[in-house]
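Chemist: Sequence and computational prediction follow.
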Amino acid sequence: MKIIVEKNIPFIKGLLEPWAEINYLAPEEINREKMLDADALITRTRTRCDKGLLEGSRCRLIATATIGTDHIDLDYCKEAGITVANAPGCNAPAVAQYVFASIAEVMNRQNDVRPPEAITLGVVGVGNVGSVIARWGRALGMNVLCCDPPRAEAEGGEGFTDLDTIARQCDVITFHTPLTRKGNHATFHMADKNFFDKLAKRPLVINSARGPVIDNEALIDAIDNGQVSNAAIDCWEGEPQINRRLLDKAAIATPHIAGYSREGKVRATAMALKAVTGFFNLPDIAPEEAVPAGAAANVTLASIAASYSPATDTKALKTSPDSFEALRNHYDLRHEVPETTL
Ligand SMILES: NC(=O)C1=CN([C@@H]2O[C@H](COP(=O)(O)OP(=O)(O)OC[C@H]3O[C@@H](n4cnc5c(N)ncnc54)[C@H](O)[C@@H]3O)[C@@H](O)[C@H]2O)C=CC1
Ligand SMILES: O=C(O)C(=O)[C@H](O)COP(=O)(O)O
């Protein structure tokens, strides 16, 4: 059996070798020719997995060590009989850390001394990531509004609001949807000019979901005309060739590292390994580092801000935007927010 493993996935080297021939490749080296005789691919967001890569391959499993799956053509994989497994929730605590650390950083820079109780936080997309954010936001005392039409439809509308209400009422709006381009709830450019025109409270807008969830040009206009007071951008349209005007204007600007915690990467690798061992009926294989528990139950804004400052990552990207991928590949994985004793 032959498995191609993207070489930047941590905590995996050596573990599958007793069972298969493993070929560790950089994203740009993973091509159709290399995939032809591969039985499985363990990947990240940097490899587009579609017909162009997979046609004619004997690959039967793609395990992505990420939450998002928008780099995978799921329709093609289904048609071709390729099973796809992702790593649900693996780095949700890290993204929540990023969001609240960004809020703290922006408020601090603006000498904004409002208590959390005076802040209405809009969470758009309330799955694994958004749920941690909503929970922490409420624990901190914020007024939290949740927008998730697919969930509202499936579970009944209680506890959910619509995007227009988020636009009208929120001081901070943070996006946590997948990137989807079809269906009733497609998220491509869900924050567009029409959305920004409805903003009433000059919010801080945060995108750590996927770049194209926000129309980046429309966001620039909204910052310029004062509809948006500030932006924290981790995910960009066209990564790694990002919009330099948005880079200049965003208070927080990071190279898609919101989910980059050590714990999140261990969980992601553990989930990818589980997908492989389950699929090929192999004995359980776990990363050498223990798989950590989930998000802290008790946090404070101070404990979050002490655990991570997005200012350093912002400075690095603003200084060297051409190094977008290098900054990611050599990222010093941070630790998640520790449990706070209240
Ligand atoms: N910046 C980073 O490093 C990271 C980014 N992500 C991104 O965050 C996304 C969300 O992650 P999870 O919460 O784990 O995914 P999830 O699948 O658990 O939750 C996504 C939620 O979005 C909702 N949703 C879908 N369409 C919507 C719409 N039009 N309006 C509002 N809500 C909608 C879904 O119903 C679901 O509840 C991932 O798909 C990925 O793209 C995830 C991890 C790290
Ligand atoms: O999990 C996701 O989805 C993400 O966006 C990841 O944090 C990005 O992970 P890599 O593809 O850079 O490993």
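Modeler: Now that the structure is in, tell me what you want to look at. Ligands and ions are numbered 1, 2, ... in the order given.

Chemist: From residue 99, how far off is residue 305?
Modeler: Residue 305 is 12 Å from residue 99, where distance means CB to CB, to the nearest Å. C-beta coordinates here come from the backbone N, C-alpha and C atoms, glycine included.

Chemist: Among those two, which residue is more densely surrounded?
Modeler: residue 99 (29 against 20; other CB atoms under 10 Å).

Chemist: So which bits of the chain are right by ligand 1?
Modeler: Contact residues, the chain versus ligand 1 (CB under 6 Å from any ligand atom): 67-68, 89, 91-92, 95, 124-130, 147-151, 176-179, 185, 187, 190, 208-210, 234-235, 256, 258-259.

Chemist: Ligand 2 contacts on the stretch 151-300 of the chain?
Modeler: residue 259.

Chemist: how about the helices in the stretch 151-300 of the chain?
Modeler: In the stretch 151-300 of the chain, the helices defined using DSSP state H, counting those that start in this stretch lie at 163-169, 193-197, 216-224, 244-249, 262-279.

Chemist: Spatially central residue for this protein, please.
Modeler: residue 209 (4.8 Å; CA atoms, centre = their mean).

Chemist: residues contacting that one?
Modeler: Contact partners of residue 209, counting by CB atoms under 8 Å, 6 or more residues apart in numbering, are 125, 175-179, 187, 235.

Chemist: try 10 Å this time
Modeler: If you count contacts by CB atoms under 10 Å, 6 or more residues apart in numbering, residue 209 has them with 67-68, 70, 95, 124-125, 129-130, 174-179, 187, 190-191, 234-235, 258.

Chemist: Just to be sure, which of the residues you listed are found in strands?
Modeler: Using DSSP state E, the members of those that fall in strands are 124, 174-175.

Chemist: quick one: which of the residues you listed is nearest to ligand 1?
Modeler: residue 124 (5.2 Å; CB to the nearest ligand atom).

Chemist: Roughly how far does the nearest residue to residue 77 once chain neighbours are set aside sit from ligand 1?
Modeler: Excluding the flanking residues, the one nearest residue 77 by CB to CB, 6 or more residues apart in numbering is residue 84, at 5.1 Å. Using CB to the nearest ligand atom, to the nearest Å, residue 84 is found at 14 Å from ligand 1.
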